[in-house]
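Participant: need a structure here:
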Amino acid sequence: MANSKNGQNWDQLRSRFPLLQKKTYLNSCSYGALATEVEASVQRYLDARNENGSDWEYWVGRNEAVRSSVARLIGAKPDEVAVTASVSAGINSLASALRFDGPRNKVVVTDFEFPTNAQIWYAQQLRGARVVRIAAENDRIPLEKFEEAIDEETLIVATAQVAFRHGAKQDIPAIAEIARRKGALMMVDTYQALGTMQFDVKKAGVDFAVGGMLKYLLGTAGIAFFYARQELIEALTPSVTGWFAQENIHAMDITRHSPATTARRFEAGTPLVPNTYMAEAGLAIMHEIGLEAIEHRIGEITAAIKGAATAAGYHLASPLDPAHHGAMITLRSSDPNRLVASLAEDNIVVSCRDNNLRISPHFYNNQADIDHLFRALHKQRDLLV
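Facilitator: Numbering: from 1, shown residues only. Below is the predicted model of the structure:
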């Protein structure tokens, strides 16, 4: 695994994550490692509080910086991006703007969704929505199942780019094409993908996209984004709202609701100011390295993980083909919680879902991390199916 690709010194980049000096950290699918500049951004916020007390003009600027940075990352315009407190907040805002009392009232989800994406749409059943869930077959969902499920009654298709349970990646452009051809809207949850691979919302053909900063984007919890295609924004008026969703947030008008003409109409109340600092710093690292270089680096690391697992005779739960999985590689386990706990005793941080051990590297991992992981796994091979 080469140290330098596209001009990047991976060892130098790794040194900016102090945690990696103490732990073999392979749990970026749950929470990204903390970079020194992200940590420093919190101190900048605290210093400003002690120095100035409040600085709302600057703080609103941090929110706008996050908006622009996300837009640049996903190939959107800043006016198409809302900065939200969570993915749940973004999806709830979208759902509140949709109507389910017409001929199109069906929502298509899949077995790959993170709970919030499914749960919010099931909650819309109270408003007339019909939710159809596409079942997976051996942890895969053939495109033919989307062809069957999406029809003239479908209002929106909402699905994950990469499944959080096992790391399988879906062909989002192909799914979006099916939805568009049948007159349905398309929303993609990028949480387990963005920051590990290149993704352009325009090229993918999606109408909406959600994602957050706490995993591969290296920020923190409590801040996320919602993308809406510009042509759709003014036709959608969320009833889940707040003062940051107004056209003029400084008007302080309590006599009416005047939603912004941009994607800000999908926002709500006061941003979590410290989180904007951290998100801005994490996104800056993404831009510094570039998603192309990161995708190549993670491809090398996941290939090494799959190779070591195959050589050891372990059962991969994620697809072998790199075109069909994300940064997360999963192994079948008879007792994944016990396996996670055992690995923690060797200072290895991983996680599990269902009967799968989740191994999720980022660009800051290296071959030594993989070697340490597999030495520890060999000691626990009785827990691997």
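
Participant: and the pLDDT for the nearest residue to D200 once chain neighbours are set aside?
Facilitator: Spatial nearest neighbour of D200, chain neighbours left out: G75 (3.6 Å); criterion: C-beta to C-beta, 6 or more residues apart in numbering. In short, each C-beta sits where N, CA and C put it, glycine included. At G75, the pLDDT value in this model is 98.

Participant: and G75, how close does it get to L291?
Facilitator: 11 Å (C-beta to C-beta, to the nearest Å).

Participant: of those two, which one has the most company?
Facilitator: L291 (18 against 15; other C-beta atoms under 10 Å).

Participant: quick one, what contacts the nearest residue to the more buried one once chain neighbours are set aside?
Facilitator: Taking C-beta to C-beta, 6+ apart as the measure, L291 lies nearest to Q198, with 4.6 Å between them; neighbours along the chain are not counted. Taking C-beta atoms under 8 Å, 6 or more residues apart in numbering as the contact definition, Q198 lies against 291-292, 295.

Participant: any chance of those in TSV, with pLDDT too?
Facilitator: What follows is the contacts of Q198, written out as TSV (pLDDT from 0 to 100):
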residue	pLDDT
L291	98
E292	97
E295	98
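
Participant: shouldn't L283 be within a helix?
Facilitator: Yes. Assessed by DSSP: H, G, I helix; E, B strand; the rest coil, L283 belongs to a helix.

Participant: got the contact list for the closest residue to it other than its chain neighbours?
Facilitator: Residue nearest to L283 in three dimensions, not counting chain neighbours: S69, with 4.1 Å by C-beta to C-beta, 6+ apart. By C-beta under 8 Å, 6+ apart, S69 lies in contact with 279-280, 283-284, 287.

Participant: now swap in I134 and tell me
Facilitator: Contacts were defined as C-beta under 8 Å, 6+ apart; by that measure I134 touches 108-111, 141, 145-146, 149.

Participant: what do you get if the cut-off is 6 Å, keeping everything else the same?
Facilitator: With contact taken as C-beta atoms under 6 Å, 6 or more residues apart in numbering, I134 is in contact with 110, 141, 145, 149.

Participant: which two among the residues you listed are spaced furthest apart?
Facilitator: Largest separation among the contacts of I134 by C-beta to C-beta: I141 and A149, giving 9.9 Å.

Participant: what about T241, which helix or strand?
Facilitator: Taking DSSP states H and E as the definition, one finds T241 inside no helix or strand.

Participant: can you get me a residue count around A35?
Facilitator: 22.

Participant: hmm, R16 and it touching each other?
Facilitator: Yes. Checked against C-beta atoms under 6 Å, the pair A35 and R16 is within contact range at 5.1 Å.

Participant: quick revisit: next step: the contacts of I134 restricted to helices.
Facilitator: For those, the ones inside helices are 145, 149, with DSSP state H as the criterion.

Participant: how about the contacts of I134 in TSV, adding distance to F363?
Facilitator: As requested, these are arranged in TSV below (distance: C-beta to C-beta, whole Å):
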residue	distance to F363
T110	29
I141	28
K145	34
A149	36
